[in-house]
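1. Structure of the sequence below:
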Amino acid sequence: MSSRFPAQRRRQVLDAARALVAERGFEVTTVEAVAAATRTSKATLYRQWGDKASLVVEAVSAGSGIAIGRIDTGTLAGDLGAVADMLAERASVNVPIVLGIARAGQRDPALLAALSARLLPEIDALRAIVTRAVVRGELPAEPPAARYLQHMLTGALLAPSLLEGRAGAVDARHLHDYLAAVVLPALGSGQPGRYQAGPVAD
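-> Numbers count the residues shown, from 1 in each chain. Modelled structure (predicted):
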């Protein structure tokens, strides 16, 4: 990847790619379309990203508004509540894009590989939330359910759209209720009810 590609141009390309995927879907969006939208040569884009999958996944990740690693409220319930708020805030935009990429990924191994690589830092950040809770004494040890925390939250985020259609888009209340009823009990936390999300750390 060339270091000569200006940061501002990179942001423009990523913004254009994300907008095209949101409008057309992953499969219809092409590198040629991104190049035309940003007046960048196709060769330059391939030189920077290698393939469409890497370009699109970086574009979606960069614009997702999800940065779980920045969250540290001091409690397990506060951290997970902040994650819920972060996911809900951009769900109306992110969920359709993620569902489209997931469908396309079933036929595109490169896309799945690029998506998995981008998701790893967020998965590690979720695991760190549980680790901090153990260190603070909120949990006696890391519970077996911690291995499936990302699966639980992904299911809570995507299932309403998959099962209920457009009317099932998630909001913060849905995710907070899910934390109270499912996630915290599975982790062995005795925190009842809903939570107020704490501040996001700088």
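
2. Pass me the low-pLDDT residue ranges in the chain, would you?
-> Low-confidence regions of the chain, defined here as pLDDT under 70, cover residues 1-3, 166-168, 190-202.

3. Of all residues in it, which one is nearest the centre?
-> Centre of the chain computed as the mean C-alpha position; nearest residue by Cα atoms, centre = their mean is I66, 5.5 Å away.

4. isn't H176 right up against A84?
-> Yes - under the criterion of Cβ atoms under 8 Å, H176 makes contact with A84 at 5.5 Å. Backbone N, C-alpha and C define where each C-beta goes, glycine included.

5. Those two - which one has more neighbours?
-> With other Cβ atoms under 10 Å as the criterion, H176 and A84 differ in neighbour count, and A84 comes out ahead with 27 against 21.

6. Phi first, then psi, for the more buried one.
-> With angles defined as degrees, to the nearest 10, A84 shows backbone torsions of phi -60, psi -40.

7. In space, what's closest to it - neighbours in sequence excluded?
-> Taking Cβ to Cβ, 6 or more residues apart in numbering, and ignoring the residues beside it in sequence, A84 has L175 as its nearest neighbour in space, at 3.7 Å.

8. if I pick that neighbour, what's in contact with it?
-> The neighbours of L175, taking Cβ atoms under 8 Å, 6 or more residues apart in numbering as the test, are 84-85, 87-88, 156-157.

9. helices or strands up against the helix or strand that contains A113?
-> A113 belongs to helix 109-136 when elements are defined using DSSP states H and E. Here helix 109-136 is seen to pack against helix 52-62, helix 76-89, helix 91-105, helix 149-164 when contacts are counted using 3 or more Cβ pairs under 8 Å, 6 or more residues apart in numbering; DSSP states H and E.

10. what about 10 Å?
-> Identification of packing neighbours for helix 109-136 by 3 or more Cβ pairs under 10 Å, 6 or more residues apart in numbering; DSSP states H and E yields helix 52-62, helix 76-89, helix 91-105, helix 149-164, helix 184-187.

11. Can you give the distance of it from its chain's centre?
-> Chain-centre distance of helix 109-136: 10 Å, with Cα atoms, centre = their mean, to the nearest Å.

12. do the same with stretch 17-25
-> Average the C-alpha atoms of stretch 17-25, do the same for its chain, and the two points are 16 Å apart (Cα atoms, centre = their mean).
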